[in-house]
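> how would this look folded up:
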Amino acid sequence: MEEDIGERVSRIHGIGRVDVVTGRTQETVQAAKAWLEKHKVPYDTFVRTTSIRAKANLSYDVFVDDSSELMSAVAASFDRWGILYAQPWNRTAKEMPRIFRVETWEEIPALLEQVSATKRATQNL
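Sure thing, here's the model as predicted:
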């Protein structure tokens, strides 16, 4: 885990809405929320889903996740973006359209600004 994760997510929260979306079991939700509170991670809504497919079907513009499977589903949609947070289990994930890879949360705000600018530019066409 990165140091100062709460502070880093706060920077993202300053750009837009932050929802924590997880596939955790109902029994582990309280532990997850306690971890978020302990590390002072700000979020608007905590959403529990039952699968990667259910997560992919949520109506978000940008997904930040460590699941290459989720990123594949996001890339299949032409109006959504993904940020794949690097982990050992996703290092071999293929390149995908509108999917960025990051090593740290520090990189994410600039990418969100880039996505926002791209979306504004395409809406003005």
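> what ranges does the chain have for its helices?
Applying DSSP state H to the chain gives helices spanning 5-13, 29-38, 52-56, 68-75, 108-123.
> pull out the buried residues from the second one.
Of all the residues in helix 29-38, those buried under the rule 16 or more other CB atoms under 10 Å are Leu36. Using the backbone N, CA and C atoms, a C-beta is placed for each residue, glycine as well.
> now do the last one
Within helix 108-123, the residues that qualify as buried are Ile108, Leu111, Leu112, Val115, counting by 16+ other CB under 10 Å.
> still on that earlier bit, pipe the helices of the chain into TSV and attach mean pLDDT and distance to Pro88 per row.
TSV is the format used below for the helices of the chain (pLDDT from 0 to 100; distance: least, CB to CB, whole Å):
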stretch	mean pLDDT	distance to Pro88
helix 5-13	94	18
helix 29-38	96	20
helix 52-56	94	18
helix 68-75	97	12
helix 108-123	91	19
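> can I get those in TSV including distance to Ile83?
TSV is the format used below for the helices of the chain (distance: least, CB to CB, whole Å):
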stretch	distance to Ile83
helix 5-13	10
helix 29-38	19
helix 52-56	14
helix 68-75	9
helix 108-123	6
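> of all those helices, which lies closest to Met96?
helix 68-75 (3.8 Å; CB to CB).
> centre of the chain to that closest one, how far?
When C-alpha coordinates are averaged (CA atoms, centre = their mean, to the nearest Å), helix 68-75 and its chain have centres 11 Å apart.
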